[in-house]
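Student: I would like the atomic coordinates for the input below:
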Amino acid sequence: MRALEDDLFPSTPGKVKIERAGGAMNRQLHRCFASTSTMFLWALFLVAMTASYLSFQSFVDTSSKYFQASWGGLHWERQIRASAAPRRPPGSASNAGMSVLVTGAAGFVGAHCSLALRKRGDGVVGIDNFNAYYDPSLKKARKALLASHGVYVVDGDINDARLLAKLFDVVPFTHVLHLAAQAGVRYAMENPASYVHSNVAGLVTLLEACKSADPQPALVWASSSSVYGLNDAVPFSESHRTDRPASLYAATKKAGEEITHSYNHIYGLSVTGLRFFTVYGPWGRPDMAYFSFTRNILQGKPITVYRGRDHVDLARDFTYIDDIVKGCLGSLDTAGRSTGTGGKKRGPAPYRIFNLGNTSPVTVPTLVAILEKHLRVKAKKHVVEMPGNGDVPFTHANISLARHHLGYKPTTNLDAGLKKFVKWYLSYYGYTRGSSKNL
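Tutor: You can find the predicted model right below:
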């Protein structure tokens, strides 16, 4: 029988040599251990080389991310300062003007507010992460529109504490208009983590930057009418209970109101929260019903119209974007100063919450009829009962507080507002009446 060592370590490829002498066996054992040592050394060498390569790749990746960052550097800082500089004309109510950081500036409300602030001469710097919740190309188009009016929008996330610290280091912002958020009631059932990431964690990161800034800015931020949740007292008033949210989105906005109150109380931040009621208009969000209805009607596709219990039509307090912008700017103009310095409170600071709505709820079937009139196309309606996805059957705003403190007075009804939206939509998407082009 052949020795096991002979099978494992043949002296000549393809042959097996049988050694009977003890010296031969010793020589074979010596070869075995010598060969094993060599293999071990080669293995160590390969491991070392692999580790070195991986470390180098990590360094390259990190360096690449650093050098490819969309912010930082002298040129970037000059752009930020130029965009933040107020340009109020002589003789205006306040020659100094404001310097405002607008989060979510490439979003629907953010773009409109940034443009309005710039047009009246205030300094504006935007920040937006251009996420893919809806078509980023629309956000890029809004960014281009703002750039044409001298508003610089940083491509970044409000969860990036280093970026926020750098912005406040470059510019002593007098105000922050916080509009960045994960929007949408139904999407929360698909991606709940995104709501906590943006609406809670992102808000806290921004508040930390604000409270540590010197001087501290006044904060105006977007809450939502969704906080009223299962409240059935109408019209919705700021004094009504908001502890029964119907969706995760509403819960994160309610959490935001409590979180901002704590920063106001502890650090002296001036805070104004705005509860928006179903904002619509040109440059709107494609996930909103009026927007998707318009697209599907023009494409000849059916639209789904939800109906409440007992065949009751859903109703919303649709508020035109220009009216919302007036409320946002009025809030900035009347915001009291923060009282903290470098995170230390010097005295009490204002904490306010306002409804911004239209005060005239309209049913969804009426909305569809108005769109049909302006599009000159009949909708193919598919009416179904509203699912339990977090939506509420109606909203109705009481705006008496905003009217008194902000001079807020909505002036655009749904018919007039949708007419303007349809005109923009047809122009933006290159649609001509009678065309078969898909939008």
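Student: the stretch 101-250 of the chain: helices as residue ranges?
Tutor: Using DSSP state H, counting those that start in this stretch, the helices of the stretch 101-250 of the chain run over 108-119, 136-147, 161-170, 192-195, 202-212, 248-267.
Student: just put the ones you listed in a markdown table and tack on mean neighbour count, distance to His405 and mean pLDDT.
Tutor: The C-beta positions use only the backbone N, C-alpha and C, and glycine is treated the same way. Output for these, formatted as a markdown table (neighbours: other CB atoms under 10 Å; distance: least, CB to CB, whole Å; pLDDT from 0 to 100):
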| stretch | mean neighbour count | distance to His405 | mean pLDDT |
| --- | --- | --- | --- |
| helix 108-119 | 24 | 18 | 98 |
| helix 136-147 | 17 | 29 | 98 |
| helix 161-170 | 18 | 28 | 97 |
| helix 192-195 | 16 | 30 | 96 |
| helix 202-212 | 21 | 22 | 97 |
| helix 248-267 | 20 | 17 | 97 |
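Student: could you dump these to TSV with distance to Pro282?
Tutor: Output for the helices of the stretch 101-250 of the chain, formatted as TSV (distance: least, CB to CB, whole Å):
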stretch	distance to Pro282
helix 108-119	9
helix 136-147	11
helix 161-170	29
helix 192-195	26
helix 202-212	27
helix 248-267	24
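Student: Val279 is nearest to which of these?
Tutor: Nearest to Val279, of all those, is helix 108-119, at 6.1 Å by CB to CB.
Student: can you pull out the residues in contact with the closest one?
Tutor: Applying CB atoms under 8 Å, 6 or more residues apart in numbering, the contact partners of helix 108-119 are 98, 100, 102-105, 124, 126, 128, 142-143, 145-146, 149-151, 153, 177, 179-180, 222, 276, 279, 281, 283-285, 321-322, 324-325, 328-329, 332.
Student: repeat that for stretch 307-318.
Tutor: When contacts are defined by CB under 8 Å, 6+ apart, stretch 307-318 is touched by residues 225, 277-278, 280, 290, 306, 357-365, 367, 383-386, 391, 393-397, 414, 417.
Student: what are the buried residues along it?
Tutor: Buried residues in stretch 307-318, defined by neighbour count with 16 or more other CB atoms under 10 Å: Arg307, Gly308, Asp313, Leu314, Ala315, Arg316, Asp317, Phe318.
Student: and those, which is closest to Tyr425?
Tutor: Among those, and counting by CB to CB, the member closest to Tyr425 is Phe318, at 15.9 Å.
Student: out of the helices of the stretch 101-250 of the chain, which is closest to Tyr428?
Tutor: Using CB to CB, those put helix 136-147 closest to Tyr428, at 7.9 Å.
Student: elements contacting the closest one?
Tutor: Packed against helix 136-147 by the contact rule (3 or more CB pairs under 8 Å, 6 or more residues apart in numbering; DSSP states H and E) you find helix 108-119, strand 123-128, strand 152-155.
Student: residues contacting stretch 145-165, please?
Tutor: For stretch 145-165, the external contacting residues (CB under 8 Å, 6+ apart) are 70-71, 79-80, 82-83, 103, 105-106, 111, 114-115, 118-119, 124-130, 143, 167, 178, 180, 197-198, 201-203, 205-206, 208-209, 212, 283.
Student: how about the helices and strands packed on helix 136-147 in JSON lines, adding distance to Asp135?
Tutor: Below are the helices and strands packed on helix 136-147 laid out as JSON lines (distance: least, CB to CB, whole Å):
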{"stretch": "helix 108-119", "distance to Asp135": "12"}
{"stretch": "strand 123-128", "distance to Asp135": "14"}
{"stretch": "strand 152-155", "distance to Asp135": "16"}
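Student: what's the closest of those to Gly407?
Tutor: When the helices and strands packed on helix 136-147 are ranked by proximity to Gly407 (CB to CB), helix 108-119 comes first, at 15.3 Å.
Student: CA atoms only for that closest one, dumped as CSV, please.
Tutor: Taking C-alpha atoms only, helix 108-119 is exported to CSV below (Å, rounded to 0.1, in the frame of the first residue of the first chain):
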residue,chain,number,x,y,z
PHE,A,108,-43.1,73.7,-5.1
VAL,A,109,-43.7,76.2,-2.3
GLY,A,110,-39.9,76.7,-1.8
ALA,A,111,-39.3,77.9,-5.4
HIS,A,112,-42.3,80.3,-5.3
CYS,A,113,-41.3,81.8,-2.0
SER,A,114,-37.6,82.1,-3.0
LEU,A,115,-38.6,83.9,-6.2
ALA,A,116,-40.9,86.3,-4.3
LEU,A,117,-38.3,87.1,-1.7
ARG,A,118,-35.7,87.8,-4.4
LYS,A,119,-38.1,89.9,-6.5
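Student: quick check: angle from that helix to strand 123-128?
Tutor: 160 degrees (axes from the mean of the first three to the mean of the last three CA atoms, to 10 degrees).
Student: show me how far helix 108-119 is from its chain's centre.
Tutor: 16 Å (CA atoms, centre = their mean, to the nearest Å).
Student: so which of the helices and strands packed on helix 136-147 is nearest Tyr351?
Tutor: Taking CB to CB, helix 108-119 is the member of the helices and strands packed on helix 136-147 nearest to Tyr351, at 21.1 Å.
Student: nearest spatial neighbour of Arg352, chain-adjacent residues omitted?
Tutor: Once flanking residues are discounted, Arg352 sits nearest to Thr272: 4.6 Å by CB to CB, 6 or more residues apart in numbering.
Student: where does pLDDT dip in the stretch 51-200 of the chain?
Tutor: When residues are selected by pLDDT under 70, those of the stretch 51-200 of the chain lie in 51-70, 89-95.
Student: go again with 90.
Tutor: The model of the stretch 51-200 of the chain has pLDDT under 90 over residues 51-72, 87-96, 185-186, 189.
Student: and the residue nearest to Leu314 when sequence neighbours are not counted, its phi and psi?
Tutor: Once flanking residues are discounted, Leu314 sits nearest to Val364: 4.9 Å by CB to CB, 6+ apart. Main-chain dihedrals, Val364, degrees, to the nearest 10: phi -60, psi -40.
Student: ok, Val364 to Ala289 distance?
Tutor: Separation of Val364 from Ala289 (CB to CB, to the nearest Å) stands at 7 Å.
Student: kindly report the same for Ser224.
Tutor: 16 Å.
Student: more neighbours, the two?
Tutor: The neighbour comparison of Ser224 against Ala289 (other CB atoms under 10 Å) goes to Ser224, with 25 against 20.
Student: which non-adjacent residue is nearest that one?
Tutor: The shortest distance from Ser224 to any residue other than its chain neighbours is 4.4 Å, reached at Lys253 (CB to CB, 6+ apart).
Student: next up, the contacts around the one you found.
Tutor: Lys253 neighbours (CB under 8 Å, 6+ apart): Ala181, Asn199, Ser223, Ser224, Ser226, Val227.
Student: rerun at 7 Å
Tutor: Listed by CB atoms under 7 Å, 6 or more residues apart in numbering, the contact partners of Lys253 are Asn199, Ser223, Ser224, Ser226, Val227.
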